[in-house]
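A.B. asks: sharing a sequence plus its predicted fold:
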Amino acid sequence: MKLSLSFCLSFLFSASLYATPWEQVSGPTNNTSSSIGSYANGCLDGASPLPLDGIGYQVLRSKTKRYYGHPHTISFIQELAKKMNQDLSTTLLVGDLSLARGGRFSSGHSSHQTGLDIDIWLRLADEPLSYNELQLPKPMSVVDLKKYKILENRWETRHFELIRSAAQSEGVARIFVHPVIKEQLCKQEGEKDRGWLRKVRPWWGHHYHFHVRLSCPESSGYCVEQVLPPAGDGCGVELASWGPKVKPIDKPPSVKVIAKPKRKKAIPPQCQSLISTN
């Protein structure tokens, strides 16, 4: 299952063609690091860049400059990458973090605005990628989307170990994966230690990467925490509800509902000064 080249190219060109104000700032502030607002409506003060090459990881599509994060985020990636390099003998491919001052991307995500979100690809790089391969990487899905099942020839025990290790890490609030991947994780985990599965949440689109979301750092007083996931491992009725629905033979005529225009979110006042100054 291959994703089109245009999918990859869009990330490189959309930022320059339809750049948001957050993509036009020159770089991070020199202030004390602080995540501000919510994951989908916020900003990042005093961001740290993730070095493009480190032990056990490489940064994808660095030209988009989405490799900034809160220092806690940078430390999390570096520690996880070192552990996986040692335990799984592989290199992690790190996708989007946040922009230099957080805020909204022109494409790809509505979250990733506070420096606390990380995309890690499920394509494991046992051999380091070249610069050109990093700029135009080829995603690898582990889900047969049409048949709604895991691709056995692509899913590895290492994927299970990687996601479990990330979920068990201190400071991780949530991990988003495709519902089929969540189902696979539920099957592979035994009966003794299932607590980490509560953090792993099903969400569409996450079939070639998984999305790590960290909790608000204690020092970030204006950071808005997400509500905790429901109790339990999330492997029962809740997960089943994401599966394909049986369509009725005699479908009743649909009634058109005019959707109300969504109210544009006002950015936190603490973010306004970050976007108005270079």
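C.D. replies: Okay, I see it. Numbers count the residues shown, from 1 in each chain.
A.B. asks: pretty sure residue 104 sits against residue 18.
C.D. replies: No. Residue 104 is not in contact with residue 18 according to C-beta atoms under 8 Å; the separation is 11.2 Å. To be clear about C-beta, it is placed using only N, CA and C from the backbone, and glycine gets the same treatment.
A.B. asks: if I look at residue 208, how far off is residue 177?
C.D. replies: Noted for residue 208: a distance of 11 Å to residue 177, by C-beta to C-beta, to the nearest Å.
A.B. asks: now do residue 34
C.D. replies: 29 Å.
A.B. asks: residue 208 and residue 177: who's more crowded?
C.D. replies: residue 177 (26 against 21; other C-beta atoms under 10 Å).
A.B. asks: so what's that one up against?
C.D. replies: The neighbours of residue 177, taking C-beta atoms under 8 Å, 6 or more residues apart in numbering as the test, are 163, 185, 200, 201, 202, 203, 206, 210, 211.
A.B. asks: just the CA atoms of the host helix or strand of the second one, as CSV, please.
C.D. replies: Secondary structure assigned from DSSP states H and E places residue 185 in helix 179-188. The C-alpha atoms that make up helix 179-188 are tabulated as CSV, following Å, rounded to 0.1, in the frame of the first residue of the first chain:
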residue,chain,number,x,y,z
PRO,A,179,-8.3,1.9,15.4
VAL,A,180,-6.9,-1.3,13.8
ILE,A,181,-3.5,-0.7,15.4
LYS,A,182,-5.2,-0.2,18.8
GLU,A,183,-7.0,-3.5,18.2
GLN,A,184,-3.6,-5.2,17.4
LEU,A,185,-2.0,-3.7,20.6
CYS,A,186,-4.9,-5.0,22.7
LYS,A,187,-4.5,-8.5,21.3
GLN,A,188,-0.7,-8.6,21.8
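A.B. asks: tell me the first helix or strand C-terminal of that helix.
C.D. replies: strand 200-202.
A.B. asks: that following strand pairs with which strands?
C.D. replies: If you go by DSSP bridges, strand 200-202 pairs up with strand 172-177 (parallel).
A.B. asks: where exactly do the helices run in the stretch 1-150 of the chain?
C.D. replies: 5-17, 21-24, 71-88, 131-135 (DSSP state H, counting those that start in this stretch).
A.B. asks: ok now the last one, how far from the chain's centre?
C.D. replies: What that stands for is helix 131-135. 20 Å (C-alpha atoms, centre = their mean, to the nearest Å).
A.B. asks: residues in contact with residue 233?
C.D. replies: 186, 194, 195, 197, 198.
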